[in-house]
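K.L.:
How does the following fold in three dimensions:
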Amino acid sequence: MRQKTTSARVKLSEIFTSIEGEGVLFGTKTMFVRMAGCPLNCHWCDTAYAIPMDSGNDYSISEVKELISDNLHPNTYKVNFTGGEPLVQHEAVIELAKFVRQKGIRTYLESACYDSARFSKVLPHIDICKVEFKLRDSKVVDEKHYDNLLKNELECFRLAVSSGKTCYIKVVVTNSSSLKEFKELVHEVFRMAKPADIAGFIIQPSYKVDEPTLDVLFGFYDAVYPLYDQVRVVPQLHKAIGVR
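P.N.:
Below is the predicted model:
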């Protein structure tokens with residue numbers, strides 16, 4: 001019988017190993033597989049080079065698997081599928097995540113969760129999920145599409161929790177972010193899930209773009225703490241040590 005082959009292609013921005021600087025797993029040695037292309041438009045995005053849909057380089061799935069194998073460091077804690085936006089190329093992420101798991105390494109999805117249907121297909125192959133909720137001041141989408149984005153983010157969160165995955169929440173906060181909007185989001189999150197269902201709630205201050213003051217950060221922290229005392233304010237720590 002002929003072996004089944006695939007003609008799937010991957011638009012890849014870069015593959016590199018560094019120290020994880022965000023979220024609940026900061027400080028872990030991590031391989032980053034940065035997919036190219038993102039349909040969103042967060043004004044504080046720090047990987048603008050990976051946003052254009054025609055950015056990056058074109059590879060076959062087999063070529064990317066070779067790149068992963070060739071660049072994998074010993075004692076790597078996880079492989080982080082990031083972007084850009086990895087759900088744009090969800091079928092490629094599935095194939096690459098399967099490959100990483102065969103190597104006995106954890107798979108991690110760092111996504112804006114803009115498409116819950118694609119997320120549901122990727123989820124079985126992912127061990128750790130970061131569900132990032134975008135506030136309106138991020139300018140991620142225009143106002144008429146924001147409610148649909150939030151609906152998809154909440155559904156992705158529900159799917160991750162119900163599947164028993166290691167799942168945590170991240171929200172980037174600027175000095176202009178609405179505390180009222182954030183409080184409404186927090187109550188919706190904990191209406192859907194119990195504190196024990198999540199691995200963390202991260203408030204991430206924006207970096208060099210409308211940076212929040214300490215008092216602003218206290219306000220957001222205090223909105224979560226009564227419902228979840230494991231909330232943390234965690235900046236992008238990799239920038240503090242000068243790595244990607």
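K.L.:
Next, give phi and psi for A36.
P.N.:
phi -90, psi 140 (degrees, to the nearest 10).
K.L.:
now V186
P.N.:
phi -60, psi -40.
K.L.:
repeat for P74
P.N.:
phi -60, psi 150.
K.L.:
quick one: it from I15, how far?
P.N.:
Separation of P74 from I15 (CB to CB, to the nearest Å): 16 Å. Quick note: C-beta positions are derived from backbone N, CA and C, even for glycine.
K.L.:
likewise D58?
P.N.:
As defined by CB to CB, D58 lies at a distance of 14 Å from I15.
K.L.:
Just list the residues touching T82, thanks.
P.N.:
Neighbour list for T82: 32-35, 110 [criterion: CB atoms under 8 Å, 6 or more residues apart in numbering].
K.L.:
ok, back up a step: which of D58 and I15 has more neighbours?
P.N.:
I15 (17 against 11; other CB atoms under 10 Å).
K.L.:
surely the more buried one meets R34?
P.N.:
Yes: here I15 reaches R34: they are 7.2 Å apart, a contact under CB atoms under 8 Å.
K.L.:
And for C45, the neighbour number?
P.N.:
19.
K.L.:
V172 too?
P.N.:
Per other CB under 10 Å, the neighbour tally for V172 reads 25.
K.L.:
where does it fall, helix, sheet strand or coil?
P.N.:
strand (DSSP: H, G, I helix; E, B strand; the rest coil).
K.L.:
Mind telling me what element the nearest residue to it once chain neighbours are set aside is part of?
P.N.:
Sequence neighbours aside, Q204 is the residue nearest to V172 in space, at 4.9 Å (criterion: CB to CB, 6 or more residues apart in numbering). Per DSSP states H and E: Q204 is located in strand 200-205.
K.L.:
A strand includes E110, no?
P.N.:
Yes: under three-state DSSP, E110 sits within a strand.
K.L.:
what about the spatially closest residue to V24 that is not a sequence neighbour, how many neighbours?
P.N.:
Excluding the flanking residues, the one nearest V24 by CB to CB, 6+ apart is G200, at 3.8 Å. Counted with other CB under 10 Å, the neighbours of G200 add up to 18.
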